[in-house]
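Visitor: Give me coordinates for this.
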Amino acid sequence: MKLYNFKSIAYIALMGLALSSCDDYLDRPTEDAFDTSNYYSTDAQCRAGVNYLYNSPWYDFMRGFFKVGEVMAGNYYWGSSPYMTFTLDGSDQDLANMSASLWSVNTHSTTVYNNIKNASGASDAVKNATMGECLTWKALAYFYMVRSFGAVPIIHDPVEIINAQESTNQRKAKISNIYEYIIKVLEQAISLLPEKDPTGTGRIDKYGAKALLAKVYLTKAGFSESNTTYNPGTYSYITCTAHQRNADDLKKAADLALDVIENSGRKLMENYADIFRGENNVCDEALISWAWTMGSHWTCQNSFQSDLAIEGFDENGDCWGGWGGPSVDLQDAFNENALSTSRQNVDARRKATLMMVDDHYDYFWADCGGFEMLKYCYGGYTDNGAPGPGQWESPTGACEVKHLYGNNADHTRFYGAPAGRMAYALRTHLLRLADVYLIYCEAAMGNSTSTTDPKILDIFYQVRHRSVADYKMPTSLTWEDVWKERRLELACEGDRWYDFVRRYYYDPSGAISEIKAQRRNEYYALDDLYKTYYKSGAFTVDPSKHLYNTTTPAPNVTDRSFTIPLPSADISYNPLLMEAPVDFDVNSIAF
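Guide: You can find the predicted model right below:
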């Protein structure tokens, strides 16, 4: 599915509603007809017609979501991937899938929005709510696009473009226009959405859209057209110069975040690890989530465990992620060391993010008494028919925890059925309440490098104290404190790279320097070290053999690294994508 293949995308959304066959997670009605002339005529049909926007159009973004969000950011090791080495080009298939998926979300969201708007029979309350959900997904797709690809076309109504036969003549809009457009779309969504999801099934509500708008304003605050140069010639990337962030945008971000914190009725969950478990698919902490299901239609399901878990972690033969793992640099941030068996465990987020030597997880493989990596690797779980790989795979000494559901017994316990091959129902939380807390802290600090403001200190304390039990109320905070806290809180949730893009807008040298200084490489001979420890109990590090790779140089991070190239096929289809972006009149947009 290519960037401007709007016609086929729109056809699916208009004529089939085929993707809504995987909407079981919500109040799905009997679907005896998908003709749009008689659909959307009841409240149930309006809700069911929106359900698939929570999963299927996003499916092909999943791998790009993680490779861009975490591998490029230095939070995750993925071998010789171009996402690690900043050698990504337009021929990469995951990149093409990512682009196609985001444009698919835009088209499907717009089409369903228009269908509901023009339908009759359903209540105004439900029509408004479901139209607001469509707009929020549309805005989120554009938010990912502008932070990934920079300038892209603004396609407000794809069907209108198709009917006018203008799909190959679309020019990129300036980045500032795109942020203005996202804001306008979200403001419309907020005006339509209810204060709280009346179904209790995790649908987007007004405060979810406000939280996203706060994040948009925090990002937009750092971008300045006057401090940005679009690369002459190909216009494939931007160059930014250092400047102060926009104070008005920062205030709007802080005000919106505080509104969510104080008025949404949502609270941080007490136990950090619980946020990512099946029993909390729907929870106060999750403001916007991909709601994966186990339907008959491929693409409505979660497939993250396949890419991230060690071989044999489930019974479906679909796990191949053991040869990657959370980076050494992320371990450093948690004050952990894979060349030691002494786990710090000061911060509960470490174990909920990084699976390391001697860690035991009672929520994975619960039918076997829990999961322990060393036992699995070298001894196996014979009672579960899982002999284990016989070796330690992760070159960093850590394995992924988030995005994993466990084995089939774990999946059945929460979802009533075993998982399928690359098909599970664990949700992916895209925007959490703790993120909003930290958005407030950073935005409320403005352009100051530190603060003693009691409200900022208290809100920061609530996030950190949840996971670091002995953390005391601070008397001051620095920008660096909040920046690092975002990394620890949101690690491996597909967000860190976009923090770097946001920082690059106004502090390019700081963003580049931090990435260049990361420990992004692997350790040598961990399997030898860990196997000896498992069999003999002796953990003896030989500095000449068990050591970190210092020979592979740091990646060549430059200004162009912060704009991902558009897929080559998209440029071939529409060469105008290589021309300079133009001003787009956002005031011309109507809903």
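Visitor: what stretches of this protein score poorly on pLDDT?
Guide: Under the criterion pLDDT under 70, the flagged ranges of the chain are 1-37.
Visitor: Mind jotting down where the strands sit in it?
Guide: Counting by DSSP state E, the chain has strands at residues 76-77, 228-230, 238-240, 286-290, 325-326, 354-355, 360-361, 371-372, 399-400, 428-432, 450-451, 477-478.
Visitor: Deepest in the core, which of these is it.
Guide: With neighbours defined as mean count of other CB atoms under 10 Å, these peak in mean count at strand 325-326, which reaches a mean of 29. Heads up, the C-betas are built off the backbone N, CA and C, glycines and all.
Visitor: quick one on the thing from earlier: show me the one of the strands of the chain that comes nearest residue 561.
Guide: Among these, the nearest to residue 561 by CB to CB is strand 238-240 (11.1 Å).
Visitor: and the closest one, what other elements does it pack with?
Guide: strand 228-230, helix 496-506 (3 or more CB pairs under 8 Å, 6 or more residues apart in numbering; DSSP states H and E).
Visitor: May I see the ones you listed arranged in CSV, with distance to residue 368 as well?
Guide: As requested, the helices and strands packed on strand 238-240 are exported to CSV (distance: least, CB to CB, whole Å):
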stretch, distance to residue 368
strand 228-230, 54
helix 496-506, 33
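Visitor: Switch the strands of the chain over to a markdown table; also include distance to residue 254.
Guide: Formatted as a markdown table, these follow (distance: least, CB to CB, whole Å):
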| stretch | distance to residue 254 |
| --- | --- |
| strand 76-77 | 31 |
| strand 228-230 | 24 |
| strand 238-240 | 23 |
| strand 286-290 | 17 |
| strand 325-326 | 31 |
| strand 354-355 | 32 |
| strand 360-361 | 37 |
| strand 371-372 | 41 |
| strand 399-400 | 33 |
| strand 428-432 | 17 |
| strand 450-451 | 12 |
| strand 477-478 | 14 |
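Visitor: Quick check: which of the ones you listed is nearest to residue 173?
Guide: Closest approach to residue 173 among the strands of the chain is made by strand 228-230 (11.6 Å; CB to CB).
Visitor: What pairs with that closest one, parallel or antiparallel?
Guide: Note on strand 228-230: by DSSP bridges, its sheet partners are strand 238-240 (antiparallel).
Visitor: gap between the residue nearest the centre of the chain and residue 72?
Guide: What sits nearest the mean C-alpha location of the chain, by CA atoms, centre = their mean, is residue 494, with 3.5 Å. Noted for residue 494: a distance of 11 Å to residue 72, by CB to CB, to the nearest Å.
Visitor: ranking the helices and strands packed on strand 238-240 by burial, who's on top?
Guide: A comparison of the helices and strands packed on strand 238-240 by mean neighbour count, using mean count of other CB under 10 Å, puts helix 496-506 on top with a mean of 22.
Visitor: Which strands and helices lie in contact with that one?
Guide: Here helix 496-506 touches helix 124-149, helix 206-220, strand 238-240, helix 479-490, helix 508-516, going by 3+ CB pairs under 8 Å, 6+ apart.
Visitor: ok, and what's touching the third one?
Guide: Under the criterion CB atoms under 8 Å, 6 or more residues apart in numbering, residues 150-151, 175, 223-224, 227-231, 504-506, 508, 559, 562-563 lie in contact with strand 238-240.
Visitor: go again using 10 Å as the cut-off
Guide: Residues from elsewhere that reach strand 238-240, judged by CB atoms under 10 Å, 6 or more residues apart in numbering: 150-151, 175, 222-224, 227-231, 501, 503-508, 511, 558-560, 562-563, 581.
Visitor: Tell me how far residue 369 lies from residue 536.
Guide: Distance from residue 369 to residue 536, by CB to CB: 24 Å.
Visitor: more neighbours, these two?
Guide: Of the pair residue 369 and residue 536, residue 369 is the one with more neighbours under other CB atoms under 10 Å, namely 12 against 9.
Visitor: Now for the residue nearest to the more buried one when sequence neighbours are not counted: which residues touch it?
Guide: Spatially, and ignoring its direct neighbours in sequence, residue 369 is nearest to residue 362 (7.9 Å; CB to CB, 6 or more residues apart in numbering). Contact analysis of residue 362 by CB under 10 Å, 6+ apart lists 369, 370, 371.
Visitor: Let's have these in TSV, adding distance to residue 586.
Guide: Below are the contacts of residue 362 laid out as TSV (distance: CB to CB, whole Å):
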residue	distance to residue 586
369	57
370	53
371	50
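Visitor: just the residues you listed now: which is nearest residue 157?
Guide: Distances from residue 157 to the contacts of residue 362, taken by CB to CB, are shortest for residue 371, at 49.0 Å.
Visitor: and residue 387, how many neighbours?
Guide: 12.
Visitor: And the one 5 residues further on, by the same measure?
Guide: Applying the criterion other CB under 10 Å, we find 23 residues in the vicinity of residue 392.
Visitor: Could you pull up the residues touching it?
Guide: 310, 322, 357, 373-374, 377-378, 399, 526-531, 533-534.
Visitor: How about residue 53: what's its closest non-neighbour residue?
Guide: Spatial nearest neighbour of residue 53, chain neighbours left out: residue 137 (5.0 Å); criterion: CB to CB, 6+ apart.
Visitor: meant to ask about residue 506, not that
Guide: Among residues not flanking residue 506 along the chain, residue 222 sits closest, at 3.8 Å (CB to CB, 6+ apart).
Visitor: Buried residues, stretch 159-166. List them.
Guide: Residues 159, 161, 162 are the ones in stretch 159-166 that count as buried (16 or more other CB atoms under 10 Å).
Visitor: Stretch 365-378 too?
Guide: Of all the residues in stretch 365-378, those buried under the rule 16+ other CB under 10 Å are 365, 368, 371, 372, 373, 374, 375, 376, 377, 378.
Visitor: Please apply the same query to stretch 578-585.
Guide: Using 16+ other CB under 10 Å as the test for burial, stretch 578-585 gives 581, 584.
Visitor: what about it, start to end distance?
Guide: With CA to CA, to the nearest Å as the measure, stretch 578-585 spans 21 Å from end to end.
Visitor: Could you measure from residue 517 over to residue 332?
Guide: Going from residue 517 to residue 332 by CB to CB gives 11 Å.
Visitor: what's the answer for residue 96, then?
Guide: 34 Å.
Visitor: now swap in residue 444 and tell me
Guide: 29 Å.
Visitor: and those two? which has more neighbours close in?
Guide: A direct count of neighbours by other CB under 10 Å for residue 444 and residue 332 places residue 444 higher, at 21 against 12.
Visitor: where do the helices sit along the stretch 301-450 of the chain?
Guide: With DSSP state H, counting those that start in this stretch as the criterion, the stretch 301-450 of the chain has helices at 304-308, 328-333, 348-353, 373-378, 408-415, 433-445.
Visitor: Pick the most deeply packed of those.
Guide: helix 433-445 (a mean of 24).
Visitor: list the helices and strands that one packs on?
Guide: Contacts defined by 3 or more CB pairs under 10 Å, 6 or more residues apart in numbering; DSSP states H and E place helix 433-445 against helix 206-220, helix 247-263, strand 286-290, strand 428-432, strand 450-451, helix 454-467, strand 477-478, helix 479-490.
Visitor: Just name the most buried of these.
Guide: Taking mean count of other CB under 10 Å, helix 206-220 is the most buried of these, at a mean of 26.
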